[in-house]
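Enquirer: what's the 3D shape of this:
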Amino acid sequence: STMFLTGLKGVLASATVVGVSHVWRRSPIQQRRAMRRVLAETQRRLEASPIPAAQAAGPFPRRGAVRRLRDMLASPPKGPIVVTGAEGTGTSSVAKSALAKSGAP
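Expert: Numbering: from 1, shown residues only. Alright, predicted model coming up:
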């Protein structure tokens, strides 16, 4: 019985430490600090990068995709062109850029 209570106290103490730690990490104060830190690190990385900021800012290289789509639009029609990609990966901006640069009516 004493060993059970000692073990139970240990489990409760560790659960409390983990719970408090989790609540602290998810608190609005800590979340804001983490976001500020990540944004500052990203800004430093972009400033130190030899790649122009406009190209380095996005996680998806789009120049090649825009060029390939523009070349498809300039070639004789072969059928429909479908631009696919996961939501938020820039498929719309690739299509808009390619259309703007293609000179299509």
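
Enquirer: V94 touches V83, doesn't it?
Expert: Yes - with contact defined as CB atoms under 8 Å, V94 reaches V83; the gap is 6.3 Å. The way it works is simple: take the backbone N, C-alpha and C, and place the C-beta from them, glycine included.

Enquirer: shared neighbours, those two?
Expert: By CB atoms under 8 Å, 6 or more residues apart in numbering, V94 and V83 have these common neighbours: L69.

Enquirer: Look at the two and report which has more neighbours.
Expert: Higher neighbour count among V94 and V83: V94, with 21 against 13, using other CB atoms under 10 Å.

Enquirer: and the more buried one, what element?
Expert: V94 belongs to helix 91-102 when elements are defined using DSSP states H and E.

Enquirer: Need the residues that contact that helix.
Expert: Contacts of helix 91-102 (CB under 8 Å, 6+ apart): 62, 65-66, 69-70, 73-74, 83-85.
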